[in-house]
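>>> With the input below, show me the fold.
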Amino acid sequence: MALLVILVLAAMAQMPYCGGAAIDYGKALSKSILFLEAQRSGVLPGNQRVAWRDNSGLLDGKANGVDLTGGYYDAGDNVKFGLPMAFTVTMMAWSVLEYGEQMGAAGELGHAVEAIKWGTDYFVKAHPEANVLYGEVGDGDTDHNCWQRPEDMTTSRQAYRLDTQHPGSDLAGETAAAMAAASLVFRRSNPGYANQLLQHSKQLFDFADKYRGRYDVSIPVARSYYGSVSGYGDELLWAAVWLFQATADGKYLDYLANNADALGGTGWSTGQFGWDIKYPGVQVLAAKILLQGKAGAHGAVLRRYRQKADFFACSCLGKQGGSGDVQRTPGGLMYHQRWNNLQFVTSASFLLAAYSDSLAAASGAAVQCSSGSAAPSELLAFAKSQVDYILGSNPRGTSYMVGYGFTYPQEAHHRGSSIVSFKSNPAFVSCHDGYSSWYGRKGSNPNLLDGAIVGGPDEHDDFADERNNYQQTEATTYNSAPFMGVLARLAAGHGGRGRFGRSFPDGTEFATAATERDNKTSVLPAADDDKHASPIAIEQNATRSWTEKGRTYRRYAVTVTNRSANKTVHELHIGIAKLYGPVWGLDKARYGYVLPGAAPSVPAGGSVMFVYVHAAPPANVWVTGYKLV
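Residues are numbered from 1 along each chain as shown. Purely as a prediction, here's the structure:
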């Protein structure tokens, strides 16, 4: 009997658990796509599976003389925000391109493709002219003062647009990327539609590149909700790399290479990937082009992109030696911020899985970190650990996917889910009634928001399942879109390597137009020759010390120098780790620290200085990102 107990315990130790049951990645995949159906706006189709939802937003765009029905609500509100919606569609498309075969095996490929088309159909409507793009319907200010089902909306449905006088390179670029990636999904099954998407993508890219500017300047109502802190350089490169994948047109690869410095593609080193910051996604795709032997004359530049892709992977793995390592909770979850932290975890997990498969396809390729190399299998194993945490393998034993596992959030911060279904009770619910009768109501939501990934736990693995705790309990589409792909990858097990660029057994093809010229994979060495390519030098010196209450404090002066002979550093972002005191001469920003002032820059040969004080050895200081023009 004792031997039997030992054997059972040993078997249990090898199984991932979610509330006492083995994790079912296929089931989680199905639910992740189901959540996107709950976020649909417009006239719902006959095969709508989320039965508690009904038609909504049927007059969207009418006041502007354009049909803007359809698309997705981004989260628990009823606004259609263009930037996160476009990123959501790009990541859904990439998930299908990379792991469509695995989705097919799980019976979910058709649902995933439908989810993509729901978004791209809206983008076609939102782009009625070459240099016009409608970027938002509704506004967060009026919407957030109202708790109302989308079927009852009485808030503003004003539509906001970009044009030549009101540019938005970030939003137009991301929408171009979404349509280019989606065109690959539909290339074989619906070639006419794929060509239509590709034409829209090309026009939007040209618009974004020719008329440059941040979209949240042209659409200021978006700034408080989805401000473009990283600027538009990443989205221009993101669109270019996707257009190269979709067309094989060398001009887009030329753009990616020729603008690597000016738009920050080889300047940014970050462990964060999401709706605002696309640099790691660009870098991983550029590394894929390099690993497949398609770099052509741009090998040296793409090796620099690959260095940055390695930085992202190493940062997530915690192998950067302290400079830029992503913080982790005691339970092992990557942690960036309290407000919807899981958006970065799901995006990073997908990107690590995709990069792992690209490296594995190039036999012998590995990630080069400060503390040594990392094999592709290590990237995938870490991505799996993050997915497992989200699905319940964490100190609380809580699944952060609604409807999955035994214990999951019951009070998601979501208007439609938290108010009785319109189909069950169509009696009008006003903004005030929504707050007084439903928002503060104790107990689980009346409608299950199946498959939603909520914001997740804090830095201590703690989580409060309360409707008014929007930082932790609100779910978003861009949490789920990349999660689809990595769930499909894990559902397939060891044989589930991505097939982006290959044909599937059933004849379906999710392939790049830039197909491999031969059957050989070109494995390029790590970019050791480019290790000193950065034009920025950092020097730290202790300029003063004193003793107070038995502790020795030091004043450190940090000089940042632009060593370039003739180019100016713009949008410099500084990362600082192990800083235990105040800092002067820098402003805190979303991605580290920035120089103070409206448009700070460092001219060729110039330097800037900042100082900090603490009773510890020098802090770790590095360059997170910059653009060199």
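
>>> and the most centrally placed residue in the chain, what does it touch?
Central residue of the chain (C-alpha atoms, centre = their mean): Gly274, 2.4 Å from the mean position. Contacts for Gly274 (C-beta atoms under 8 Å, 6 or more residues apart in numbering) come out as Phe87, Gln343, Phe344, Ser347, Tyr478. The C-beta positions use only the backbone N, C-alpha and C, and glycine is treated the same way.

>>> Now do the same for the residue lying closest to the second one once chain neighbours are set aside: helix, strand or coil?
Read it as Gln343. Closest residue in space to Gln343, ignoring its immediate chain neighbours: Asn479 at 5.0 Å, by C-beta to C-beta, 6 or more residues apart in numbering. Secondary structure for Asn479, judged by DSSP: H, G, I helix; E, B strand; the rest coil, is helix.

>>> which of the contacts of Gly274 sit farthest apart?
Phe87 and Phe344 (12.5 Å; C-beta to C-beta).

>>> Those two: which is more packed in?
Each of Phe87 and Phe344 has its neighbours counted (other C-beta atoms under 10 Å); Phe87 has more, 28 against 23.

>>> I'd assumed Glu174 was in contact with that one.
Yes: Phe87 is within contact range of Glu174, at 5.8 Å (criterion: C-beta atoms under 8 Å).

>>> Now for the two: what residues contact both?
Common neighbours of Phe87 and Glu174 (C-beta under 8 Å, 6+ apart) are Lys278.

>>> Report the separation between the residue nearest to the centre of the chain and Ala348.
Counting by C-beta to C-beta, to the nearest Å, the gap from Gly274 to Ala348 is 9 Å.

>>> cool, Gly107 as well?
Distance from Gly107 to Ala348, by C-beta to C-beta: 27 Å.

>>> again with Lys202
Distance check for Lys202 against Ala348: by C-beta to C-beta, it reads 30 Å.

>>> between these two, who's got more neighbours?
More crowded of Lys202 and Ala348, by other C-beta under 10 Å: Ala348, with 27 against 20.

>>> My read is that that one contacts Cys316, right?
Yes: the criterion here is C-beta under 8 Å, and Ala348 meets it with Cys316 at 5.4 Å.

>>> Find the residue ranges of the stretch 451-600 of the chain scoring beneath the pLDDT cut-off.
494-533, 598-599 (pLDDT under 70).

>>> now the helices for it?
All helices of the stretch 451-600 of the chain, identified by DSSP state H, counting those that start in this stretch, fall at 470-473, 477-491.

>>> returning to that earlier point: assumed the residue nearest to the centre of the chain was part of a helix.
No: judged by three-state DSSP, Gly274 forms no part of a helix; its state is coil.

>>> Following the chain onward from the lengthiest helix in the chain, which element is next?
Longest helix in the chain by number of residues (criterion: DSSP state H): helix 82-105. Sequence-wise, the next helix or strand downstream of helix 82-105 (DSSP states H and E) is helix 109-126.

>>> Who are the packing partners of that next one?
helix 25-38, helix 82-105, strand 133-137, helix 169-185, helix 191-210 (3 or more C-beta pairs under 8 Å, 6 or more residues apart in numbering; DSSP states H and E).

>>> most neighbours per residue, which of those?
helix 169-185 (a mean of 31; mean count of other C-beta atoms under 10 Å).

>>> Please put the alpha-carbon coordinates of that helix into CSV.
What follows is helix 169-185, C-alpha atoms only, in CSV (Å, rounded to 0.1, in the frame of the first residue of the first chain):
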residue,chain,number,x,y,z
SER,A,169,1.3,56.9,-37.6
ASP,A,170,1.0,54.6,-34.6
LEU,A,171,-2.6,53.7,-35.1
ALA,A,172,-2.5,53.6,-38.9
GLY,A,173,0.7,51.5,-38.7
GLU,A,174,-0.8,49.0,-36.3
THR,A,175,-3.9,48.7,-38.4
ALA,A,176,-1.7,48.2,-41.5
ALA,A,177,0.1,45.4,-39.6
ALA,A,178,-3.2,43.8,-38.6
MET,A,179,-4.5,43.8,-42.2
ALA,A,180,-1.2,42.5,-43.7
ALA,A,181,-1.0,39.7,-41.1
ALA,A,182,-4.7,38.8,-41.7
SER,A,183,-4.2,38.8,-45.4
LEU,A,184,-1.9,35.8,-44.9
VAL,A,185,-4.6,34.0,-43.0
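
>>> Give me the average confidence score over it.
For helix 169-185, mean pLDDT rounds to 98.

>>> Likewise for stretch 265-277?
Averaged across stretch 265-277, pLDDT comes to 96.

>>> Make 665 the starting number, not 1.
Shifting the count to begin at 665 puts that one at stretch 929-941.

>>> what about that stretch, distance to the chain center?
Chain-centre distance of stretch 929-941: 10 Å, with C-alpha atoms, centre = their mean, to the nearest Å.

>>> With stretch 859-867 instead?
Using C-alpha atoms, centre = their mean, the mean C-alpha position of stretch 859-867 is found 23 Å from that of the whole chain.

>>> Could you tell me how many residues sit around the residue lying closest to Ile1054 once chain neighbours are set aside?
Spatially, and ignoring its direct neighbours in sequence, Ile1054 is nearest to Tyr1064 (5.0 Å; C-beta to C-beta, 6+ apart). The number of residues packed near Tyr1064 is 30, by other C-beta under 10 Å.

>>> No further questions, thank you.
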